[in-house]
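J.: no FASTA, just this:
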């Protein structure tokens, strides 16, 4: 597998709940705003220049098993860019099945925290294909839809998963997620400094300056959801903002 994110990318999020694209505030159910059909959203972002898509099965994240499989499969079939998928992937067999169906990278959060060896098991079969999702709230890794603390430090956890074979880290700052109020780069910088694999930043991006700041903090890519759906800026403008550096 080619190295993930050889150059900095702005990655649109296609978060799915009940078969529709939604965005949540701080990951809380009941805060969602709906944005229609996942395939239409995915095709829109690819047409606007996305090089990778970030898919999340939110129902899967909350329920512990994948709920939006049909929508995911439709997106994978509809676009010709790499797709990374998270939400409800709890077993190595499920992850490997998704990789063999055309998903480029599987994102493991709760499963990786509860059973770190799953990272090695999947990586042995498909090197570089596991992105471990570390979601931090008040400086602590949280799981189960951001509802349970783990006591883990995100930078130390990232280093451990790199040793287990993770190909990338997805780091989400839950404190600022979905609020369009901007980002905090210090904790992202700590995670970047702890590993040599790509760190993809997520959470709270509200402006082009946020995108630039995360690139400057060493992130390999940034996932953007609400800001794109609410037209805070265009995907093209975000790509231009970081290509000028």
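T.: That came in fine, so what should we check first? Predicted model, so just to flag it, every value in this text is computed and none were measured.
J.: what about this structure, any weak spots by pLDDT?
T.: 1-2, 25-29, 60-67, 144-147, 175-182, 244-245 (pLDDT under 70).
J.: mind listing the helices for it?
T.: Remark: helices assigned in the chain by DSSP state H are 38-47, 58-63, 69-78, 92-100, 110-114, 117-125, 154-163, 186-194, 208-216, 226-229, 235-243.
J.: Ok, which of those comes nearest residue 138?
T.: With distances scored as CB to CB, the stretch of the helices of the chain nearest to residue 138 is helix 186-194 (10.1 Å). Where you see a C-beta, it was placed from the backbone N, CA and C, and this is true even at glycine.
J.: quick check: angle from that closest one to helix 208-216?
T.: Helix 186-194 and helix 208-216 are oriented at 30 degrees to each other (axes from the mean of the first three to the mean of the last three CA atoms, to 10 degrees).
J.: Now residue 109. Nearest residue, chain neighbours left out?
T.: Excluding the flanking residues, the one nearest residue 109 by CB to CB, 6 or more residues apart in numbering is residue 133, at 3.9 Å.
J.: correct me, but the one you found touches residue 111?
T.: No. Applying CB atoms under 8 Å, one finds residue 133 not in contact with residue 111, separated by 9.6 Å.
J.: out of everything not next to it in sequence, what's closest to residue 12?
T.: residue 45 (3.9 Å).
J.: ok, now which ones touch the one you found?
T.: The contact partners of residue 45, taken as CB atoms under 8 Å, 6 or more residues apart in numbering, are 12, 14, 53, 228, 235.
J.: By neighbours, which of these wins?
T.: Per-residue neighbour counts (other CB atoms under 10 Å) across the contacts of residue 45 peak at residue 14, which has 28 neighbours.
J.: you'd agree it is up against residue 41?
T.: Yes. In this structure, residue 14 is within contact of residue 41 by CB under 8 Å, at 5.2 Å.
J.: any residues in contact with both of these two?
T.: residue 21.
J.: got the helices of the chain as TSV, with distance to residue 174 columns?
T.: Listed next are the helices of the chain as TSV, based on distance: least, CB to CB, whole Å:
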stretch	distance to residue 174
helix 38-47	23
helix 58-63	13
helix 69-78	23
helix 92-100	23
helix 110-114	14
helix 117-125	21
helix 154-163	11
helix 186-194	10
helix 208-216	16
helix 226-229	14
helix 235-243	22
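J.: Compare those helices and give me the one nearest residue 18.
T.: helix 58-63 (6.8 Å).
J.: can you tell which of the helices of the chain is closest to residue 86?
T.: Of these, nearest to residue 86 by CB to CB is helix 58-63, at 7.3 Å.
J.: Give me the neighbour count for residue 18.
T.: Using other CB under 10 Å, residue 18 has 12 other residues around it.
J.: Among the contacts of residue 45, which pair sits farthest apart?
T.: Top of the distance list for these (CB to CB): 14 and 235, 12.7 Å.
J.: follow-up on the earlier one: what's near enough to touch the residue nearest to residue 109?
T.: Contacts of residue 133 by CB under 8 Å, 6+ apart are 86, 107-109, 112, 169-170, 172.
J.: now residue 104
T.: With contacts defined as CB under 8 Å, 6+ apart, residue 104 is in contact with 1, 52, 82-84, 129.
J.: Those residues, buried ones only, as a PyMOL selection?
T.: For anyone working in PyMOL, the buried entries among the contacts of residue 104, judged by 16 or more other CB atoms under 10 Å, can be selected with:
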select buried, resi 52+82+83+84+129
